[in-house]
Structures are given as C-alpha cells and as structure tokens.
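*Asks:* model the following, please.
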Amino acid sequence: MQSRNASVSLANLLQNCIDHKAYKAGKIIQAQIFRTGQISNTFLVNRLIEQYSKCGRTSAGRRLFDQMPLRNIFSYHAILDSYCKLNDVDNAYQVFDQMPEKNSVSWNLIISMLSRNGLEDKALVSYYAMRLNGFVPTRFTLASVLSACGGLGNVECGREYHGLATKLGLSANLYVGNALLGMYMKCVSIEDAIMVFEDLPEHNEVSFTAMMEGLVGADHMDEAFDMFRLMHRERIIDCVSLSSVLSVCSKCEFGDGNEGKRHVMHGEQIHGLLVKVGFLGDLHVNNSLLNMYAKLGCMDCAETLFIQHCPSSAAHPALIIKS
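*Replies:* Numbers count the residues shown, from 1 in each chain. Predicted coordinates:
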C-alpha cells in the first residue's frame, strides 16, 4: 500500500511537471524513481518520457525509453509523439517500425507528420496501409490525408476522401470541415470550398482564414473582403485572419487607380479595427500593415506606423525597398 501511495504521489508530481514544462523537477523525480527501484513501473516512466517531450528534451526521453525493462503501446506512443512533434521523420519511422502493435493513434501520428513535412505521397501510402490493417480513419486521419491531397493539388483524391468523411458522418465535424476547405482552396476548386463552408454547422477563425486565403489566391478579392466582413460580424477575429485580409489590400499594387483607392480605404478601415480590438501590438500584424501601406504607395502612413510601433534597430524590408 505504501509503495502504491508513493507511485501515485510521483505520478501527480510528474503531471505537474508536464503541465508546467518543469524539466529540472522532472530530473529530480527521475532520480527518485531510479533510487526507489521503480524503473519497472511502466506508467511512471511513460509519464517521464512525456514530460521530457513537453520540455523539448527528446534525447533524454529516448535514453529513458531504451532503458525501460517493460514497455507497452503507450511507451511507444510517448517517444513516437516526441519525434513527430520534432518532424524527425527517420527516428519516428524507426520507432514506428519497432512497435509490436499499432493502433489508430500510431498511424495518425505518422500520417500527420508526413503530411506536415511535404511528404504527401508517403502520407497517402501510410493511410492505405492503415486501412489494410483494418483501422477506420478518425477525424485526425481524414484531416491529414485531405491536407496531403491539397498539397498534391489532387482534387479528385480529395473528393474521394470527402465522400468517405460523409459516409463516416464526419463531414460536418469542424476539424474535418476546415481540412476540406483547405484542400479545395489549394486545388482552386472555389465552388466546392464554398459548398463545404455553407454546409458546416459552425465556423471558427481557421474556417474563415482558409476561405480568405484561398479567395485571394484565386484573385477573388471582393469575395475575400466579404468573407472578412462576415467574420467580423460573427466576432471571430485573430492575428492570422487580420494579416490575411491585409494581404488582400496589398494585392491591388498593380491595379488601376480607382481600385487602388478603394483598397487603401479598406486598409485604413482595417487599421482602425486593429487599434480598436488591440491587435496593433502584434509583430506579424504590424508587418502585414506596413507591407500593405508600402505596396499601395502610402509611404507616409507606413513611416508613421513604423516609428510608432516598430523597434528602431530593425528597418522593415518593405520600407527599404520602397524608399
């Protein structure tokens, strides 16, 4: 009973280390685990590996993994997840291949990592292998393979997975729906993306940003502005979406005079919104605003903004180019 209580206490302490990314405290707990001969307590050691992963100390986690006398599927997931977060494809594959058993979590980790790293073909091959092994795709699987289809520009492949998502009852899931939006926009299938957007029961900033960026990429500027207005009405705004709509304004750099004036007006309105909602201190948003003013030839506005909000030690490239 005393040993069990000690294990529970150590597990609680490790959870606190995980939550706060406390690497040194984790090392002290590891020493206690070794000193009390609990290295064979697989649950505790799994938590240690997770803690090291959270702290970015994957090598320490791997050393611990290699020392474990007893491993289970969670042990493999802990170190596999650590390598996948680092996008360390070689080590992730090595651990994945060594797993005595795999489940949908294992496959999702690998497929997601491959898709993120531009290895779309391998992501789809891994997906087919997952299906051959009898696993049903989850929302995470579908989001990854849809991203891979978008990266390849393969809209027919994307439509196939869209059909599968509908069959599994996942097409209305926000996570899958946003992946569908991104895929269709990357494939410049605007009508399909709009259909998905309208069918989603709810939207978030990812949904709106995917739509705006896709519309900008397809030179549908007015529709992109309309999307931002809808986003504003629904009070779903973040730094990424604001930077995206500022890029819409910048696109008229080579437009005619009337179009340019209209986009300057839009840009000034968005600048006012940034001040109102308190996003002007964000460096990414600031750079997008500077870039917009510089591309539209509003150098006085750009210079004023730069002086007010940017560090004096680093001149913005847009100002240097346009000056």
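*Asks:* moving C-terminal of the helix or strand harbouring residue 12, what's the next helix or strand?
*Replies:* If you go by DSSP states H and E, residue 12 is part of helix 2-20. Once helix 2-20 ends, the next helix or strand along the chain (criterion: DSSP H and E) is helix 23-35.
*Asks:* point out the other helices and strands that that next one packs with.
*Replies:* Identification of packing neighbours for helix 23-35 by 3 or more C-beta pairs under 8 Å, 6 or more residues apart in numbering; DSSP states H and E yields helix 2-20, helix 42-54. For the C-beta atoms, the positions are set from N, CA and C on the backbone; glycine is no exception.
*Asks:* relative orientation of that helix and helix 42-54 in degrees?
*Replies:* Put simply, helix 23-35 runs at 160 degrees to helix 42-54, going by axes from the mean of the first three to the mean of the last three C-alpha atoms, to 10 degrees.
*Asks:* quick one: residues in contact with helix 23-35.
*Replies:* 10, 13-14, 16-17, 39, 41, 44-45, 48, 51-52, 55, 57, 64 (C-beta atoms under 8 Å, 6 or more residues apart in numbering).
*Asks:* just curious, which of those is nearest to residue 242?
*Replies:* residue 55 (32.1 Å; C-beta to C-beta).
*Asks:* the residue nearest to that closest one when sequence neighbours are not counted and residue 57, how far apart?
*Replies:* Nearest residue to residue 55, sequence neighbours excluded (C-beta to C-beta, 6 or more residues apart in numbering): residue 23, at 4.1 Å. Distance from residue 23 to residue 57, counting by C-beta to C-beta, to the nearest Å: 6 Å.
*Asks:* neighbours around residue 56, how many?
*Replies:* Per other C-beta atoms under 10 Å, the neighbour tally for residue 56 reads 14.
*Asks:* phi, psi for it please.
*Replies:* phi 70, psi 20 (degrees, to the nearest 10).
*Asks:* look at it and report its pLDDT.
*Replies:* Residue 56 is assigned a pLDDT of 89 by the prediction.
*Asks:* give me the buried positions along stretch 122-133.
*Replies:* By neighbour count on 16 or more other C-beta atoms under 10 Å, the buried set for stretch 122-133 is 122, 123, 124, 126, 127, 130.
*Asks:* now do stretch 103-123
*Replies:* Quick answer for stretch 103-123 (16+ other C-beta under 10 Å): 105-116, 119-120, 122-123.
*Asks:* how about stretch 164-182?
*Replies:* So stretch 164-182, judged by 16+ other C-beta under 10 Å, has buried residues 164, 165, 170, 171, 173, 176, 177, 178, 179, 180, 181, 182.
*Asks:* CA-only coordinates of it in PDB, if you can.
*Replies:* The C-alpha trace of stretch 164-182 is given here as PDB (Å, rounded to 0.1, in the frame of the first residue of the first chain):
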ATOM      1  CA  LEU A 164     -15.600   8.900 -47.100                       C
ATOM      2  CA  ALA A 165     -16.000  11.700 -44.500                       C
ATOM      3  CA  THR A 166     -19.600  12.000 -45.400                       C
ATOM      4  CA  LYS A 167     -20.100   8.200 -45.200                       C
ATOM      5  CA  LEU A 168     -18.500   8.100 -41.700                       C
ATOM      6  CA  GLY A 169     -20.600  11.100 -40.600                       C
ATOM      7  CA  LEU A 170     -17.500  13.300 -40.200                       C
ATOM      8  CA  SER A 171     -18.000  15.900 -43.000                       C
ATOM      9  CA  ALA A 172     -19.900  18.200 -40.600                       C
ATOM     10  CA  ASN A 173     -17.100  18.000 -38.000                       C
ATOM     11  CA  LEU A 174     -15.300  21.300 -37.800                       C
ATOM     12  CA  TYR A 175     -11.800  19.800 -37.800                       C
ATOM     13  CA  VAL A 176     -12.600  17.800 -40.900                       C
ATOM     14  CA  GLY A 177     -14.600  20.600 -42.500                       C
ATOM     15  CA  ASN A 178     -11.700  23.000 -42.200                       C
ATOM     16  CA  ALA A 179      -9.400  20.400 -43.700                       C
ATOM     17  CA  LEU A 180     -11.800  20.100 -46.600                       C
ATOM     18  CA  LEU A 181     -11.900  23.900 -47.100                       C
ATOM     19  CA  GLY A 182      -8.100  24.000 -47.200                       C
END
